[in-house]
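*Asks:* Give me the fold of what follows.
(one chain, ligands or ions: 2)
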Amino acid sequence: MTEETQAPTPDDAVIGLPEPPALGASALPAGTYAGTTVFVTGGGTGLGKAIATEFGRLGADLVIASRKEDHLKAAREALEETGARVRTVACDIREPEQIAAAFDAAEEAFGLPGVLINNAAANFPVPAEDMSPNAWRTVVDITLNGTYFCAREFARRHLAAGAPGSIVNIGASYAWTGGPGFAHSAAAKAGVKNMVETLAVEWGPYGIQINGLVPGLFPHEDMTADIKGNLAGTHDKDPCQPAMRVGRLRELGWAATFLASPYARFVSGHTMVVDGANWQRRGLVNPPVVTVRRQMGKEPFEMP
Ligand code: HXC
Ligand code: NAP
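*Replies:* Ligands and ions are numbered 1, 2, ... in the order given. Next up is the predicted model:
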């Protein structure tokens, strides 16, 4: 165990934040989303799938949009188990025409989506000085531009139809703090958070509510090898969180279903953090600085 990950001194009062209710429980009434189409980007893996699951349990018709057929297949298999009707559609959110086609498919299957969950994102750890221009562009293009393109498509259709709707943008807490080793993703997520604040004002008059939802550390089996490597030894991370545990996927799903529900209609332009207060854990004295290169086991930088 390194100095940074040392377990706290034994203290009998340390119990951590309690475990949430079991998977399958819900704070919202059964059928809250009956008759509502919920469009989830990146809903075939990880957090997107967990969020879609909770909407499915509450009666939603689900549309899952992402690039890879194996992810879409996984979405169909997992989500149909909730009893939901599921439509999957191949879509790269960097391409506005593909987004428009995906919304056409959604409307044809179940009607105009009433909820958009902007969950898809791209990320890999890389020292900023090593990052290629195309690596930067790719992450910003998916995470920031793609999120906006989806929100735009949703809003245009709602304005044309005169129908209210709700958008939830999935963010990350390094939008506020910066994210050493993730300069591209942190900058993109800062844009995503800022976009929530602008669009909530622009589109509120048309009945469109938009909020941000920030997960803390939510490890899952679909995480990319790069991210898994970066979080190696996930279970050792429990004592590094003020909650003394990481997030349970259903906890994020519950937050998303609340934010998009009729019970949160007056909440708009807000970004909610679900991380057991981990992002606020700053002291006057912090662990010793280890460069991103060293954290990643890289040699000193040399100009190629
Ligand atoms: C450095 C990398 C890289 C890496 C890709 N690139 N991976 N550079 N380190 N590990 C560079 C490539 O060399 C290339 O630049 C450019 O990025 C584009 O790569 P492609 O493979 O052509 O892109 P593409 O096929 O479009 O794939 C996008 C991707 C990929 C982002 C690279 O990883 C992906 O599809 N990710 C989707 C899933 C994902 O990222 N999930 C993480 C979400 S988790 P050059 O210059 O060579 O052309 C999250 C928060 C987690 O966001 C927070 C945890 C604490
Ligand atoms: P993940 O499993 O890697 O999910 C990313 C999803 O985005 C995948 O389903 C992927 O599907 C989709 N996607 C990527 N690029 C796309 C594109 N160009 N077009 C369409 N879909 C695309 O990661 P995750 O952990 O569940 O992350 C979900 C969200 O939570 C992200 O916004 C992430 O930033 C945020 N987050 C996660 C954590 C965490 O601890 N897990 C922490 C903070 C923030 P395809 O490959 O099929 O396209």
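*Asks:* Need the CA coordinates for stretch 150-166. CSV is fine.
*Replies:* Only the C-alpha atoms of stretch 150-166 are listed here, as CSV (Å, rounded to 0.1, in the frame of the first residue of the first chain):
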residue,chain,number,x,y,z
CYS,A,150,-28.0,15.1,-29.2
ALA,A,151,-29.4,17.8,-27.0
ARG,A,152,-29.9,20.0,-30.1
GLU,A,153,-31.8,17.2,-31.9
PHE,A,154,-34.0,16.5,-28.9
ALA,A,155,-34.8,20.2,-28.4
ARG,A,156,-35.6,21.0,-32.1
ARG,A,157,-38.1,18.1,-32.2
HIS,A,158,-39.7,19.2,-28.9
LEU,A,159,-40.0,22.8,-30.0
ALA,A,160,-41.6,21.7,-33.3
ALA,A,161,-44.0,19.5,-31.5
GLY,A,162,-44.7,21.9,-28.7
ALA,A,163,-44.0,19.1,-26.2
PRO,A,164,-42.1,19.4,-22.8
GLY,A,165,-39.1,17.2,-22.2
SER,A,166,-36.2,16.5,-19.9
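*Asks:* Return the set of buried residues in that stretch.
*Replies:* By neighbour count, with 16 or more other C-beta atoms under 10 Å as the criterion, the buried positions of stretch 150-166 are 150-151, 153-155, 157-158, 165-166. In this view, the C-beta of every residue, glycine as well, is placed from N, C-alpha and C.
*Asks:* and which of those is nearest ligand 2?
*Replies:* Taking C-beta to the nearest ligand atom as the measure, ligand 2 lies nearest Cys150 of the buried residues of stretch 150-166, at 9.1 Å.
*Asks:* Check which helix or strand the closest one maps to.
*Replies:* When elements are assigned from DSSP states H and E, Cys150 belongs to helix 146-161.
*Asks:* now do Gly48
*Replies:* Gly48 is part of helix 46-57, with elements assigned from DSSP H and E.
*Asks:* what does Asp70 give?
*Replies:* For Asp70, the enclosing helix or strand under DSSP H and E is helix 69-80.
*Asks:* and what of Thr32?
*Replies:* If you go by DSSP H and E, Thr32 is not part of any helix or strand.
*Asks:* hang on, isn't it packed against Glu54?
*Replies:* No - taking contacts as C-beta atoms under 8 Å, Thr32 lies outside contact range of Glu54: 10.2 Å.
*Asks:* shared neighbours of the two, anything?
*Replies:* Applying C-beta atoms under 8 Å, 6 or more residues apart in numbering, one finds that Thr32 and Glu54 are jointly contacted by Thr257.
*Asks:* The two: which is more packed in?
*Replies:* Glu54 (26 against 20; other C-beta atoms under 10 Å).
*Asks:* Excluding residues flanking it in the chain, which one is nearest the more buried one?
*Replies:* Leaving aside its sequence neighbours, Glu54 sits nearest to Gly253 (C-beta to C-beta, 6 or more residues apart in numbering; 3.2 Å).
*Asks:* quick check: angle from the helix or strand hosting the one you found to helix 46-57?
*Replies:* Element membership for Gly253 (DSSP H and E) is helix 249-259. Interaxial angle of helix 249-259 relative to helix 46-57 (axes from the mean of the first three to the mean of the last three C-alpha atoms, to 10 degrees): 60 degrees.
*Asks:* Could you list the paired strands of the very next helix or strand once past helix 249-259 along with their orientation?
*Replies:* Downstream of helix 249-259, the first helix or strand assigned by DSSP H and E is strand 271-274. Strand 271-274 has the following sheet partners, assigned by DSSP bridges: strand 208-215 (parallel).
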